[in-house]
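In: I need the structure of the sequence given here:
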Amino acid sequence: MAIYIIIFLAAVVWYYMDSSKPQRTNAKELTLGLMVFMTFLALFVAFADMLGGFDRYIYGQLFDDLADQITVGDYNLSNSDVAEQYYHEYGYQIYNFIIALITENRYTFIIITTFIIYILLFKSIKKYCSNYPIAVILFLGLWFFFTFTYLRQVIGATIAWLSIQYIIKRDLKKFLLVCLIAVSFHNSAIIFIPLYWLPIRKFNKRNVIIIMIIALAMGATGVSSALFNAYGEVDEERASIANDEAGFRVAYLIEAILFLYIILKKYKDIPNKPINIIMLNMALIFCGILLFFIRNANAGRLSWYYMIGLISTITYVCTYSKAKNLTITMMVLSFILYYRILATWGIMLYPYKSIFTNGTRENDPIEMEFEYDHNYNNDKFYRPTFRFLEKR
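Out: Predicted coordinates:
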């Protein structure tokens with residue numbers, strides 16, 4: 001566990017070492033710092049040996065099966081298991097196919113996927129956040145651990161964020177094009193599309209509170225599950241999420257209330273510039289989704305599509321607010337969120353093991369249940385890493 005605590009503390013140290021203030025103009029130095037930190041996180045996640053849960057095994061097996069199919073000369077993507085499993089998500093199917101033309105190795109597939117995710121994350125943080133160290137600290141608390149395992153949904157969200165610029169430019173065609181690419185990786189990205197038609201203005205605080213109360217009431221009474229089930233009839237995977245009732249999610253409630261309190265308290269401090277308003281409204285939607293799905297164990301993942309708005313808005317108020325303790329409060333909250341996942345996931349994350357040592361971790365229940373190819377235990381790269389380097 002210690003290595004994960006060190007990562008979080010490194011971000012905190014970076015914040016205190018960085019002399020960035022509103023008047024600072026050394027953008028190159030700030031960008032370099034963000035690039036270095038995000039590159040380290042990408043390497044840390046990419047080189048992890050199937051940590052984070054069973055999703056990596058599922059994605060790995062489907063990829064390996066497609067790579068085997070291509071190896072024997074069958075290039076018909078529709079014949080593959082990945083096409084059968086994700087029959088609506090054509091973008092993810094094509095993505096697997098392209099990578100399978102390059103490599104047969106699941107670890108190379110995960111490395112490439114992870115770096116794409118972190119490149120897109122870097123671009124969004126750089127573009128929409130005013131203080132990189134604070135943004136990274138919030139990212140660690142809110143989303144870092146999920147980049148280990150929920151690869152499809154995470155890449156779908158980071159692709160969707162590329163469309164934000166077209167909301168500002170009011171370019172519907174390009175916005176929809178980017179969003180549809182995101183949807184083709186994970187159908188849940190469709191929840192991001194209505195953002196284009198949301199008025200770019202600050203809403204009355206009283207109305208915001210009323211809407212949040214209504215969202216909470218609907219979520220607490222199970223109305224959200226019924227609505228989600230209706231969508232689930234069209235999409236089987238979303239149906240399983242909708243039916244995953246886990247009682248009242250106190251963690252969602254606390255998280256949403258704390259962020260809402262901070263945002264509404266500093267509401268007047270947020271500029272009326274289009275980008276700031278869009279980020280603000282995304283932050284509010286993030287909180288609203290958590291409240292609306294207060295009884296669902298997994299449907300809160302839909303809020304991920306609006307997370308960059310929350311990170312951007314909180315980063316802004318921490319950077320430009322006169323409340324000196326606000327940043328410290330956000331650091332503490334981020335650490336609590338960070339440690340909660342770390343403690344809850346336990347064996348799925350630590351002890352940390354990289355792909356550069358063969359074998360498996362002792363008493364790893366996820367590996368024992370979901371490992372589909374034990375040849376990887378003896379040699380992580382026994383399958384060709386790059387096809388063009390391998391004589392066939």
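In: which residues in the stretch 201-350 of the chain form helices?
Out: Counting by DSSP state H, counting those that start in this stretch, the stretch 201-350 of the chain has these helices, from start to end: 205-220, 223-232, 236-242, 250-265, 274-292, 307-320, 326-345.
In: Quick one: closest of the ones you listed to F44.
Out: helix 326-345 (13.7 Å; CB to CB). C-beta here means a position set from N, CA and C on the backbone, and glycine is covered the same way.
In: Taking helix 250-265 as reference, get the angle to the closest one.
Out: If you take axes from the mean of the first three to the mean of the last three CA atoms, to 10 degrees, helix 326-345 sits at 170 degrees to helix 250-265.
In: Distance check, I213 against G141.
Out: Distance from I213 to G141, counting by CB to CB, to the nearest Å: 26 Å.
In: Who has more neighbours out of those two?
Out: Ranked by neighbour count (other CB atoms under 10 Å), I213 and G141 place G141 first, with 25 against 11.
In: Model confidence score at E236, please.
Out: On pLDDT, E236 comes in at 43.
In: so who does L258 touch?
Out: Residues counted as contacts of L258 (CB atoms under 8 Å, 6 or more residues apart in numbering) are L333.
In: do that again at 6 Å, thanks
Out: The contact partners of L258, by CB atoms under 6 Å, 6 or more residues apart in numbering, come to none.
In: Return, as residue ranges, the portions of this structure with sub-threshold pLDDT.
Out: In the predicted model of the chain, residues 19-26, 225-246, 322, 388-392 satisfy pLDDT under 70.
In: Now do the residue nearest the centre of it against K324, distance only.
Out: Central residue of the chain (CA atoms, centre = their mean): V154, 3.8 Å from the mean position. Here the criterion is CB to CB. By it, V154 lies 34 Å from K324.
In: burial of P199, as a residue count?
Out: Quick note: P199 (other CB under 10 Å) scores 8 neighbours.
In: do the same with the one 3 residues further on
Out: One way to gauge burial is a neighbour count; for K202, by other CB under 10 Å, it gives 17.
In: Same check on T158?
Out: 25.
In: what sits against it?
Out: I117, L120, L121.
In: who wins for neighbours among the residues you listed?
Out: L121 (25 neighbours).
In: Next up, phi/psi of that one, please.
Out: Note on L121: its backbone torsions stand at phi -60, psi -50 [degrees, to the nearest 10].
In: what are the ranges of the helices in the stretch 51-200 of the chain?
Out: Under the criterion DSSP H, counting those that start in this stretch, the stretch 51-200 of the chain contains helices at 55-71, 81-85, 90-102, 106-128, 132-142, 151-160, 164-168, 172-185.
In: for those, which one sits closest to K265?
Out: Across the helices of the stretch 51-200 of the chain, K265 has its closest neighbour in helix 132-142 (17.1 Å, CB to CB).
In: Quick check: A220 vs A256, distance?
Out: Between A220 and A256 the computed distance is 13 Å (CB to CB).
In: Between these two, which has more neighbouring residues?
Out: A256 (25 against 16).
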